[in-house]
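A.B. asks: what follows is a protein structure lacking sequence information:
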């Protein structure tokens, strides 16, 4: 029996490789809304060690309980080439019984269940247990509008979306060009598209949808998703914009890299990283290096082994983690740029770098988490989308928000030359256009801070979501 004065208890379920935003949402719930939270972690067998490290860090906060489900072995469920959403859906299918057992093992049933959008396979468990159910979309509102409208497009559009010349209209939102479509929409005959379509049909069945954006960032798109607007026929559940949900770094971090950063002028260093799964060909890496050298700007570049020797498409890695990174760069590049650049092999503490006063821009693959980190630190971007929904994000950041520049050639379609790279770098650090972007970024940074202040739009949206879940729980119980 749910009591109206009972402290809300929300269970949050992560999808494999999507734990961090769920943890950050859990922190907001506990610290801003005084709820009890339990985070349940799903992982692939191969990613379990990384997830375990995040679990330990989450437990160290002592804010919530964490349950790590047995890692999902999907080797017999998907074809070798089926990755992305297909793999995520398969993993959630495998862990579904363990997830339900974990909920039933709690002292009392939770007030509500919140599942990450790529863990939506488990959403129906809430119906079985008679508790309210919510979906957490850790990317932006335009992506949410696209995925929930895809079932409509699936019936209306013949042939491959990618072959269409005209943009696809999303009622009440910005249209989307074929070249900007998320990867799963590029081949309708593939398993990834079928799973993507299924997610688009399942999201509106939730009692509410949380999205990692805020009212002031995407007012038009959020309005279109709500009752009384043009997408209301598709999405009837209330939308709760609770962004920015992002990681907070440690200001106490010190090493040689930060000793170097401390010596650089304010807003002068370009950070370059393409995410944990992003990679470049050797040919593109060489052009990027030459472009950086020609720009004469300061930089920190996280260098990983190239994925192939030439071209722009993905392929098997031919480089090895233990290789000397100088073998992937122009001869003498490191020595010639030593006074203004730092090469970091494999990984760098991104959150801490972006928040450092000397950091002045981000050369990014446009993952939404990275974009959020830029906005919350007031940094303009060079958009370099590679996969997933990153092309959408790049268009949003450049054309709608005006806080990023991008190359004329899509990085996923061809080689971007050194002259164009030099031009983009100099634009955000030297040219008048860069100063305008920087000013716009400062405005968005302030709006992000205001959204999470007491009484701000996201603070209030999360409070409304918690109250909504309590009322829903009582109604179901009755």
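C.D. replies: Cool, the structure landed. Computed from a prediction, not measured in an experiment: that's the story for all the values here.

A.B. asks: measure the residue lying closest to residue 120 once chain neighbours are set aside to residue 115 for me?
C.D. replies: The shortest distance from residue 120 to any non-neighbouring residue, by C-beta to C-beta, 6 or more residues apart in numbering, is to residue 202 (4.9 Å). C-beta: built from backbone N, CA, C; applies to glycine. From residue 202 across to residue 115, the span is 10 Å (C-beta to C-beta, to the nearest Å).

A.B. asks: which one of the two is surrounded by more residues?
C.D. replies: residue 115 (28 against 18; other C-beta atoms under 10 Å).

A.B. asks: give me every residue that touches residue 150.
C.D. replies: With contacts defined as C-beta atoms under 8 Å, 6 or more residues apart in numbering, residue 150 is in contact with 185, 196, 197, 200.

A.B. asks: if we go to 6 Å?
C.D. replies: Applying C-beta atoms under 6 Å, 6 or more residues apart in numbering to residue 150 gives the contacts 197, 200.

A.B. asks: if we can go back for a sec, and the contacts of whatever helix or strand the residue nearest to residue 120 lives in?
C.D. replies: Following DSSP states H and E, the helix or strand that holds residue 202 is helix 191-202. The contact list for helix 191-202 (C-beta under 6 Å, 6+ apart) reads 82, 84, 85, 86, 89, 120, 147, 148, 150, 151, 154, 184.

A.B. asks: and for stretch 410-417?
C.D. replies: Contacts for stretch 410-417 (C-beta under 6 Å, 6+ apart): 283, 284, 287, 312, 384, 386, 407, 409.

A.B. asks: try 7 Å
C.D. replies: Under the contact criterion C-beta atoms under 7 Å, 6 or more residues apart in numbering, stretch 410-417 has outside partners 179, 283, 284, 287, 312, 384, 385, 386, 407, 409.

A.B. asks: just the buried ones among the residues you listed, please.
C.D. replies: Among the contacts of stretch 410-417, those buried by neighbour count (16 or more other C-beta atoms under 10 Å) are 284, 287, 312, 384, 385, 386, 407.

A.B. asks: hmm, residue 422 and the last one touching each other?
C.D. replies: No. At 11.4 Å, residue 407 does not count as touching residue 422 under the criterion of C-beta atoms under 7 Å.

A.B. asks: that older thread, next, show the common contact partners of residue 202 and residue 115.
C.D. replies: Residues touching both residue 202 and residue 115 (C-beta under 7 Å, 6+ apart) are residue 123.

A.B. asks: which residues of the stretch 1-150 of the chain fall in strands?
C.D. replies: For the stretch 1-150 of the chain, strands defined by DSSP state E, counting those that start in this stretch occupy the ranges 9-13, 36-41, 65-68, 112-116, 133-137.

A.B. asks: sorry, back to before: narrow the contacts of stretch 410-417 to those in helices?
C.D. replies: 283, 284, 287 (DSSP state H).

A.B. asks: show me where pLDDT drops low in the stretch 251-400 of the chain?
C.D. replies: Residues of the stretch 251-400 of the chain that meet the criterion pLDDT under 70 lie in 251-253, 310-322.

A.B. asks: now do the helices in it.
C.D. replies: Using DSSP state H, counting those that start in this stretch, the helices of the stretch 251-400 of the chain run over 256-262, 282-295, 333-336, 350-354, 368-377, 390-395.

A.B. asks: what helices or strands is the shortest one leaning on?
C.D. replies: In this case it means helix 333-336. Contacts defined by 3 or more C-beta pairs under 7 Å, 6 or more residues apart in numbering; DSSP states H and E place helix 333-336 against helix 282-295.
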